[in-house]
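> got a predicted structure here, sequence first:
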Amino acid sequence: EAGVTQFPSHSVIEKGQTVTLRCDPISGHDNLYWYRRVMGKEIKFLLHFVKESKQDESGMPNNRFLAERTGGTYSTLKVQPAELEDSGVYFCASSPLPGANVLTFGAGSRLTVL
Amino acid sequence: GQQLNQSPQSMFIQEGEDVSMNCTSSSIFNTWLWYKQDPGEGPVLLIALYKAGELTSNGRLTAQFGITRKDSFLNISASIPSDVGIYFCAGQVATPLVFGKGTRLSVIA
């Protein structure tokens, strides 16, 4: 079974530019989560999709961040315009059950904003 | 919001030594989890704990769910080079999971 796939693995952009991160969850997993880890800090929750619907987006930092999951399969997280403090590793995770605490994580997308 | 205090922040140990790390919180959790992140990879679940006082082992790893439900520890016995990585504790009451800042483990052969 393929795991959670994230693309790109690393992105370097300048402040003010736009970046789109993509996550392909494990096939059949309705629940998809985005987390972010700023260097040296905790892994912080951003949002949770159930199929194509946003179940919880309480962790989204501000309106520069837009997450979508059209069709309930893969998800994208767009940052526009990027700021320096957006740098970090963005993890996607999926699970088959709602409220499940056993998540399968992707390898992460490292974002560096210069 | 809920926060987890994970310590130590980093550890350098000799191969063969035992390791202990812990996580504390002022909040009560119903579930405690321990994840390991290898370089360039995402976190992988090591141990899940579901009941206060529960002690669970997974090979050389042992973790306990504190009786107060506000803390957990992870022990690694007889460390080996592949134990290198960042260990994260995570707690849950309702979704989403709350993570600690991680313990970076370095093993010197």
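Sure thing, it's come through.

> can you show me the strands along chain B?
With DSSP state E, the ranges of strands along chain B come out as B:5-7, B:10-14, B:19-24, B:31-37, B:43-49, B:55-58, B:61-65, B:71-76, B:85-92, B:98-99, B:103-108.

> make a markdown table from those strands and add mean neighbour count and distance to chain A to it.
C-beta: built from backbone N, CA, C; applies to glycine. Listed next are the strands of chain B as a markdown table, based on neighbours: other C-beta atoms under 10 Å in any protein chain shown; distance: least, C-beta to the nearest C-beta, whole Å:
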| stretch | mean neighbour count | distance to chain A |
| --- | --- | --- |
| strand B:5-7 | 17 | 8 |
| strand B:10-14 | 12 | 10 |
| strand B:19-24 | 20 | 11 |
| strand B:31-37 | 24 | 5 |
| strand B:43-49 | 20 | 5 |
| strand B:55-58 | 13 | 14 |
| strand B:61-65 | 21 | 13 |
| strand B:71-76 | 22 | 13 |
| strand B:85-92 | 24 | 5 |
| strand B:98-99 | 22 | 4 |
| strand B:103-108 | 17 | 9 |
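
> so who does residue A:105 touch?
Residue A:105 is in contact with A:4, A:35, A:91, A:92, A:93, B:35, B:42, B:43, B:44, counting by C-beta atoms under 8 Å, 6 or more residues apart in numbering or on different chains.

> nearest to residue B:23, of those residues?
residue B:35 (11.4 Å; C-beta to C-beta).

> beta-bridge partners for the closest residue to chain B within chain A, please?
Among the residues of chain A, residue A:105 lies nearest to chain B; the distance is 3.3 Å by C-beta to the nearest C-beta. Beta-bridge pairing for residue A:105 (DSSP bridges): residue A:93.
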